[in-house]
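[1] Okay, predicted coordinates and the sequence, questions at the end:
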Amino acid sequence: MLSLYLLLLAFFIMMTTMANYADGRREAVVKSVVTTFRGEVAALKSLKRPQSGSGMQDGGASLSDQIESLFKQSLPAVKVEQSARGTVLRLEAPANALFVQGRAAFAPGRGRLLNRLVDVLTSKKGVDRFYELRFLHSVERGQGAGPRNLQVLRSGLVARRLESLGLGSDTIGTGLMPGQAKRGRLAFEVHMHRKAVSPGELDVGAGAS
């Protein structure tokens, strides 16, 4: 029995020494000891930090990561938020980052963002997760939302482009964001897991980027 205690003591000294080693090496040692002593395997299997704590399951987290990476490459000023349950990914940016200032036209090269976004959403990973894509554009209080309104024209442009790229019309939504704080901004909301959320209504639980 004494030899067992001495062996365990040596093990913990070794683990302390390995504190700065790579996670993979530490985990290999732990697994070896667990196999030998048949200890509490469940407590020792979760040494590595989970890939995502957002509530997304299976390939969902990777889908969110792909979309976030895509927007950050195309629109560097984008602000990313995710709902507490991981069912809504919101990407907000200045409107002029996507459109020509004062016009319902994509800025040079920005239209390709939608092409790449549709590719991700209709991929094997996305098709089982994606439910609806909503485009929201800010509008100042008191400003009308008539058919010739710039924000309405831009929303229509985005919706038509998405549909022409292969997204079904039943998966595309548009809306307006009132309020001075959102002036001159736009947002894309990617809804997953078929969870109904009102346009612009996001229960943010994850950090913003």
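    Looks like it arrived, so ask away.
[2] Give me the domain ranges for this protein.
    2-44, 60-192 (automatic domain parsing).
[3] weakest of those domains in terms of mean pLDDT?
    Lowest mean pLDDT of the domains of the chain: domain 2-44, a mean of 45.
[4] max-length strand in this structure?
    Longest strand in the chain, counting residues (DSSP state E): strand 130-139.
[5] I'd like the next helix or strand past that one.
    helix 150-164 (DSSP states H and E).
[6] Would you mark the buried spots in that following helix?
    151-152, 154-155, 157-159, 161-162 (16 or more other Cβ atoms under 10 Å). Just so you know, the C-beta spots here come from the backbone N, C-alpha and C atoms, and that holds for glycine as well.
[7] And stretch 177-192, by the same measure?
    Buried, per 16+ other Cβ under 10 Å, within stretch 177-192: 177, 182, 185-192.
[8] who does the longest strand of the chain pair up with?
    Sheet pairing of strand 130-139 (DSSP bridges) gives strand 172-178 (parallel), strand 185-192 (antiparallel).
[9] These into a markdown table, with extra columns for distance to S69?
    Listed next are those as a markdown table, based on distance: least, Cβ to Cβ, whole Å:
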| stretch | distance to S69 |
| --- | --- |
| strand 172-178 | 22 |
| strand 185-192 | 13 |
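[10] Of all those, which one comes closest to Q73?
    strand 185-192 (14.4 Å; Cβ to Cβ).
[11] quick one, the closest one and helix 150-164 angle?
    Strand 185-192 runs at 40 degrees relative to helix 150-164, counting by axes from the mean of the first three to the mean of the last three Cα atoms, to 10 degrees.
[12] can you list contacts of strand 185-192?
    Under the criterion Cβ atoms under 8 Å, 6 or more residues apart in numbering, residues 56, 60, 63-64, 67, 71, 86-95, 98, 117, 121, 129-138, 154, 177, 197, 199-200, 202 lie in contact with strand 185-192.
[13] Closest to R103 out of the buried residues of stretch 177-192?
    Checking these against R103 by Cβ to Cβ gives L186 as the nearest, at 14.0 Å.
[14] Against F99, how distant is that closest one?
    As for L186, its distance to F99 is 8 Å (criterion: Cβ to Cβ, to the nearest Å).
[15] anything in contact with each of those two?
    By Cβ under 8 Å, 6+ apart, the residues touching both L186 and F99 are R154.
[16] can you give me the helices for this structure?
    Secondary structure of the chain by DSSP state H: the helices cover 2-17, 23-37, 41-44, 60-74, 111-121, 124-127, 150-164.
[17] Check which helices and strands the last one is in contact with.
    Right, helix 150-164. Here helix 150-164 touches helix 111-121, strand 130-139, strand 172-178, going by 3 or more Cβ pairs under 8 Å, 6 or more residues apart in numbering; DSSP states H and E.
[18] try it again with 10 Å
    helix 111-121, strand 130-139, strand 172-178, strand 185-192 (3 or more Cβ pairs under 10 Å, 6 or more residues apart in numbering; DSSP states H and E).
[19] could you dump the first one to PDB, C-alpha only?
    In PDB, the C-alpha atoms belonging to helix 111-121 read as follows (Å, rounded to 0.1, in the frame of the first residue of the first chain):
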ATOM      1  CA  GLY A 111     -21.300  41.800 -53.600                       C
ATOM      2  CA  ARG A 112     -19.000  38.800 -53.500                       C
ATOM      3  CA  LEU A 113     -19.600  38.600 -49.700                       C
ATOM      4  CA  LEU A 114     -23.100  37.400 -50.400                       C
ATOM      5  CA  ASN A 115     -21.900  34.900 -52.900                       C
ATOM      6  CA  ARG A 116     -19.500  33.400 -50.300                       C
ATOM      7  CA  LEU A 117     -22.200  33.600 -47.500                       C
ATOM      8  CA  VAL A 118     -24.700  31.600 -49.600                       C
ATOM      9  CA  ASP A 119     -22.000  29.100 -50.300                       C
ATOM     10  CA  VAL A 120     -21.500  28.500 -46.600                       C
ATOM     11  CA  LEU A 121     -25.200  28.400 -45.800                       C
END
